[in-house]
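Chemist: The following block contains a protein sequence and its predicted model.
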Amino acid sequence: MTAAVAGALIPGVPVLLGLVGLTLPPNDRPGRGPAAALGIAGAAIALAVTTALLLFAHKPLDASRRWVNIGGLDITLGFNAGVAALYIAVAVCVVALFVQIYSVAYLHDDPRYGPYAAQVSLFTGAMLLVVTSSGLISLLVGWEIMGACSYLLIGHDRRLPEAPAAAVKAFLVTRVGDVGFLLAVAFLTVGAGTDRLSVVLTHHYGGPTLTAALLLLLAGVAGKSAQFPLHTWLPDAMAGPTPISALIHAATMVAAGVYVVFRTYPLFEQSPAALSVLGVMAAITILLGALSATAQDDMKRVLAWSTVSQIGYMTGALAVGSPAAALFHLLTHAAFKALLFLAAGAVIHVVGTNYLSRMGGLRHRMPLTFWSFVIGLGALAGFPPLAGFWSKENVLTAAAHATDGGGPAPVWVGWVVWLAALLAVFVTAWYATRLLLCAFFGVSREHGPDGPDWEIGFDDARYTPPLTPHDPPAAMRWPILLLAIPAALLGLAAYAPGFRTALELEQPHLTVAVLLPLLLLVAGAGTAWWLWRAVPGADPALALGRARGFLAAGFRLDDVQTRLVVRPVKSVAELMSKADKHVVDAAVEGTGTTTTRLGGLLHSAHRVALPGAAVLVLSGALLLGVIAAWYGAAS
């Protein structure tokens with residue numbers, strides 16, 4: 001199999017089978033089998049091809065060619081990927097495959113499962129196109145297909161009133177960033193005379209032009225990867241089915257922006273201004289996501305805000321000059337975040353609510369799910385020797401080294417990212433421990449504080465919970481157990497020479513700089529545990545006091561956006577609508593009405609009786625004669 005064929009199969013098979021799946025009857029229950037088979041086969045075949053290339057390819061693969069020339073601009077079509085890109089593709093395929101298998105049981109009674117499975121395949125293929133494209137235009141195509149699929153999947157459950165609003169919000173917020181992304185692609189492509197990435201990355205752009213293009217690129221990254229200030233769509237996206245949350249948060253969508261910066265990093269190294277903006281954006285996002293996660297009652301929103309924060313770690317690593325650390329954390333994050341969301345889906349599936357305040361006591365009734373959460377949350381917080389510890393250690397070490405200078409970014413960027421990342425270690429350990437305690441320890445609070453008629457959560461309308469919680473069925477259980485392996489052990493790959501060389505990682509080493517994060521980690525987890533023990537069964541988040549509502553609302557940045565952006569845009573839209581209706585439409589309609597009335601008058605004149613008509617003709621002739629005589633005398 002040639003590189004060109006293999007490169008086409010990786011994104012092509014999921015896309016093709018997804019398109020076939022869309023032709024299946026959407027409400028035909030017997031059609032669930034073919035829909036599931038197509039969805040699983042697409043991810044499995046892409047995984048097999050990617051794994052084969054990773055094992056047997058000994059050099060970066062490049063099978064691109066000029067496709068068409070438009071006005072002197074070469075548009076390329078093909079496949080280009082190094083070993084690092086193939087690792088990302090493997091992560092995407094693994095998570096997508098497990099999500100497809102998991103969804104068969106999770107959406108067992110969903111009448112629209114067929115379109116759902118097909119859209120997941122399209123989503124997977126689009127992300128793989130972003131990872132393996134040799135040109136910016138084809139990368140942009142995958143980027144936009146992901147946006148469309150996310151809209152469809154977030155709004156999948158039409159019985160939930162918040163789902164359509166969340167889908168529209170995700171679509172519009174990411175589109176704002178995508179405008180900048182499109183302009184950046186145009187700047188870079190026109191400047192280089194081609195969209196081929198290998199040429200774009202080596203082309204010499206003028207300083208201001210390059211900085212402008214990279215800042216526009218970061219707008220798209222902020223939208224897709226949910227970074228400040230375009231992060232507000234991600235927590236609301238929890239209205240989608242839980243497996244989709246796993247796919248969006250772990251291996252697609254939010255990872256796409258980080259990967260694009262990684263892939264274009266040679267350009268960022270030439271622009272300290274762009275790296276400075278990226279560093280500030282990352283530092284704010286790290287703390288914003290972590291602090292907002294502390295106050296959430298919805299289990300999925302805790303995980304969503306944690307994703308915002310963890311993606312900030314990745315962009316922070318990029319800002320301080322360590323794309324290898326960013327990519328390593330992206331891989332470990334894909335494993336433990338997919339594990340956490342699928343395990344959360346198992347809890348929601350049997351308990352019937354998303355709310356931590358209505359859980360508790362699940363540790364003994366759901367032991368496999370409990371230990372999966374222990375591994376996932378431990379990796380998220382960075383407990384050694386789990387995967388998240390090693391990747392976070394790389395990020396923190398890179399930021400600490402950046403404070404010494406000598407990197408592509410200014411020294412102050414290193415300080416900002418390092419301090420934000422350190423503080424977030426404490427906060428992340430705190431909210432991870434709180435989630436574990438509220439869901440799995442203490443007594444069951446399944447009926448909530450006000451009895452059985454509690455408010456339903458995002459996924460509650462889909463399931464009728466059994467009387468006794470238990471671990472999920474095999475189709476849901478095995479993806480969770482298999483994801484627990486990389487969530488626990490993937491960090492040790494940093495010691496593998498081949499993996500370390502491919503990602504250009506430094507050899508892991510425990511130094512004094514690592515001891516401080518470990519102390520903060522223990523302090524954060526210990527504080528949450530102490531608050532839990534001080535008032536048995538009470539939510540540690542109660543200690544936040546009046547700040548809890550502010551943090552739960554994400555610092556009320558949604559309200560800020562509503563006042564500064566949404567309302568002014570709506571006002572302008574209403575003004576334009578009224579102007580169109582009362583000025584433009586009125587002028588057009590008035591012209592038509594006037595013409596119609598004038599025609600009516602002429603029609604009436606034609607129906608005047610003969611004597612009256614003769615009088616009118618003679619009067620007109622007389623009037624014209626008088627006018628002619630007047631002008632003749634005047635001349």
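Modeler: Ah, there it is. Nothing here was measured: the structure is a model prediction, and the numbers come from that model.
Chemist: Let me know the distance separating the spatially closest residue to residue 269 that is not a sequence neighbour from residue 417.
Modeler: Nearest residue to residue 269, sequence neighbours excluded (C-beta to C-beta, 6 or more residues apart in numbering): residue 408, at 4.5 Å. C-betas here are computed from N, CA, C, even on glycine. Here the criterion is C-beta to C-beta, to the nearest Å. By it, residue 408 lies 13 Å from residue 417.
Chemist: higher neighbour count, the two?
Modeler: Shown here are residue 408 and residue 417; by other C-beta atoms under 10 Å, residue 417 has more neighbours (32 against 17).
Chemist: element containing that one, please.
Modeler: Using DSSP states H and E, residue 417 sits within helix 411-440.
Chemist: Kindly provide the whole-number mean pLDDT of that helix.
Modeler: Averaging pLDDT along helix 411-440 yields 96.
Chemist: Tell me the buried residues in that helix?
Modeler: For helix 411-440, burial by neighbour count (16 or more other C-beta atoms under 10 Å) applies to 413-418, 420-440.
Chemist: follow-up on the earlier one: give me every residue that touches the residue nearest to residue 269.
Modeler: When contacts are counted by C-beta atoms under 8 Å, 6 or more residues apart in numbering, residue 408 touches 268-269, 272, 275, 321.
Chemist: Please, a ChimeraX command that selects the buried ones among the residues you listed?
Modeler: Provided next is the ChimeraX selection string for whichever of these are buried by 16+ other C-beta under 10 Å:
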select :268,272,275,321
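Chemist: Sort out for me which of the contacts of residue 408 are in helices.
Modeler: Among the contacts of residue 408, DSSP state H puts 268, 272, 275 in helices.
Chemist: Now flag whichever of those residues is closest to residue 112.
Modeler: When the ones in helices among the contacts of residue 408 are compared for distance to residue 112 (C-beta to C-beta), residue 268 comes out closest, at 41.7 Å.
Chemist: now the closest one: how far from residue 342?
Modeler: Distance from residue 268 to residue 342, by C-beta to C-beta: 34 Å.
Chemist: likewise residue 470?
Modeler: To residue 342, residue 470 is 16 Å away according to C-beta to C-beta.
Chemist: Which one of these two is surrounded by more residues?
Modeler: residue 342 (30 against 14).
Chemist: how far does the helix or strand encompassing that one sit from the chain's center?
Modeler: Per DSSP H and E: residue 342 is located in helix 323-351. Distance, stretch centre to chain centre, for helix 323-351: 14 Å (C-alpha atoms, centre = their mean, to the nearest Å).
Chemist: which other helices and strands contact that helix?
Modeler: helix 83-106, helix 242-250, helix 254-263, helix 299-319, helix 367-381, helix 387-402, helix 474-489, helix 497-503 (3 or more C-beta pairs under 8 Å, 6 or more residues apart in numbering; DSSP states H and E).
Chemist: what's the least confident stretch among those?
Modeler: Within the helices and strands packed on helix 323-351, confidence is poorest for helix 497-503, with a mean of 73 (mean pLDDT).
Chemist: Give me the buried positions along that helix.
Modeler: 499-500, 502-503.
Chemist: Double-check that residue 229 belongs to a strand.
Modeler: No: checked against DSSP: H, G, I helix; E, B strand; the rest coil, residue 229 lies outside a strand; its state is coil.
Chemist: Just to check, it is in contact with residue 558?
Modeler: No: judged on C-beta atoms under 8 Å, residue 229 makes no contact with residue 558 at a distance of 10.9 Å.
Chemist: follow-up on the earlier one: how about the contacts of residue 408 in JSON lines, adding distance to residue 356 and pLDDT?
Modeler: JSON lines is the format used below for those (distance: C-beta to C-beta, whole Å; pLDDT from 0 to 100):
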{"residue": "268", "distance to residue 356": "39", "pLDDT": "95"}
{"residue": "269", "distance to residue 356": "43", "pLDDT": "93"}
{"residue": "272", "distance to residue 356": "43", "pLDDT": "94"}
{"residue": "275", "distance to residue 356": "38", "pLDDT": "96"}
{"residue": "321", "distance to residue 356": "39", "pLDDT": "92"}
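Chemist: ok, the residue lying closest to residue 247 once chain neighbours are set aside - contacts?
Modeler: The spatial neighbour of residue 247 that comes closest, neighbours along the chain excluded (C-beta to C-beta, 6+ apart), is residue 99 at 4.9 Å. Neighbouring residues of residue 99 by C-beta under 8 Å, 6+ apart: 120, 243-244, 246-247, 338, 342, 479.
Chemist: Same check on residue 386?
Modeler: Contacts of residue 386 (C-beta under 8 Å, 6+ apart): 336, 375, 378-379, 487-488, 491.
Chemist: Which one of those sits in the busiest neighbourhood?
Modeler: Neighbour counts for those peak at residue 379, which has 31 neighbours (criterion: other C-beta under 10 Å).
Chemist: what's near enough to touch that residue?
Modeler: Residue 379 neighbours (C-beta under 8 Å, 6+ apart): 332, 335-336, 339, 386-389, 487-488, 491.
Chemist: how much space between it and residue 373?
Modeler: Taken as C-beta to C-beta, the span from residue 379 to residue 373 is 11 Å.
Chemist: Show me what the worst-scoring helix or strand of the chain on mean pLDDT is in contact with.
Modeler: Lowest by mean pLDDT, DSSP states H and E among the helices and strands of the chain is helix 497-503, with a mean of 73. With C-beta under 8 Å, 6+ apart as the test, helix 497-503 has contacts from 82-84, 87, 324, 327-328, 493-494, 505-507.
Chemist: Nearest to residue 182, out of these: which one, please.
Modeler: residue 327 (25.0 Å).
Chemist: got the contact list for that closest one?
Modeler: 84, 87-88, 258-259, 262, 503.
Chemist: Can you give me the distance of it to residue 363?
Modeler: Applying C-beta to C-beta to residue 327 and residue 363 gives a distance of 35 Å.
Chemist: got it, and residue 115?
Modeler: 37 Å.
Chemist: quick one: which of these two has more around it?
Modeler: Counting neighbours by other C-beta under 10 Å for residue 115 and for residue 363 shows that residue 115 has the greater number, 21 against 18.
Chemist: Three-state assignment for that one, please.
Modeler: Going by three-state DSSP: residue 115 is helix.
Chemist: So it versus residue 326, what's the distance?
Modeler: 34 Å.
Chemist: following the helix or strand where residue 199 lies, which helix or strand comes up?
Modeler: Secondary structure from DSSP H and E places residue 199 in helix 197-200. Next in sequence after helix 197-200, counting helices and strands by DSSP H and E, comes helix 207-224.
Chemist: other SSEs contacting that following helix?
Modeler: helix 136-154, helix 162-192, helix 254-263, helix 265-268, helix 272-293.
Chemist: List of residues touching the helix or strand following it?
Modeler: Going down the chain from helix 207-224, the next helix or strand is helix 233-236, by DSSP H and E. Outside helix 233-236, the residues within contact range by C-beta under 8 Å, 6+ apart are 162, 165-166, 169-170, 173-174, 226, 248-249, 254, 292, 301, 304-305, 307-308, 554.
Chemist: go again using 6 Å as the cut-off
Modeler: Residues outside helix 233-236 that contact it (C-beta atoms under 6 Å, 6 or more residues apart in numbering) are 166, 169-170, 173, 226, 301, 304, 308.
Chemist: swap in stretch 421-439?
Modeler: For stretch 421-439, using C-beta under 6 Å, 6+ apart, the contacting residues are 286-287, 290, 293-294, 302, 309, 356, 359, 362, 377, 380-381, 396, 399, 517, 520-521, 523-525, 527-528, 532, 539-540.
Chemist: same check, this time on stretch 355-374
Modeler: Counting by C-beta under 6 Å, 6+ apart, 297, 299, 343, 346, 351, 438-440, 442-445, 448, 457, 469, 471, 480, 484 sit against stretch 355-374.
Chemist: Which PyMOL command selects the buried ones in the residues you listed?
Modeler: Of the contacts of stretch 355-374, the buried ones can be selected in PyMOL as follows, counting by 16+ other C-beta under 10 Å:
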select buried, resi 297+299+343+346+351+438+439+440+442+445+457+469+471+480+484
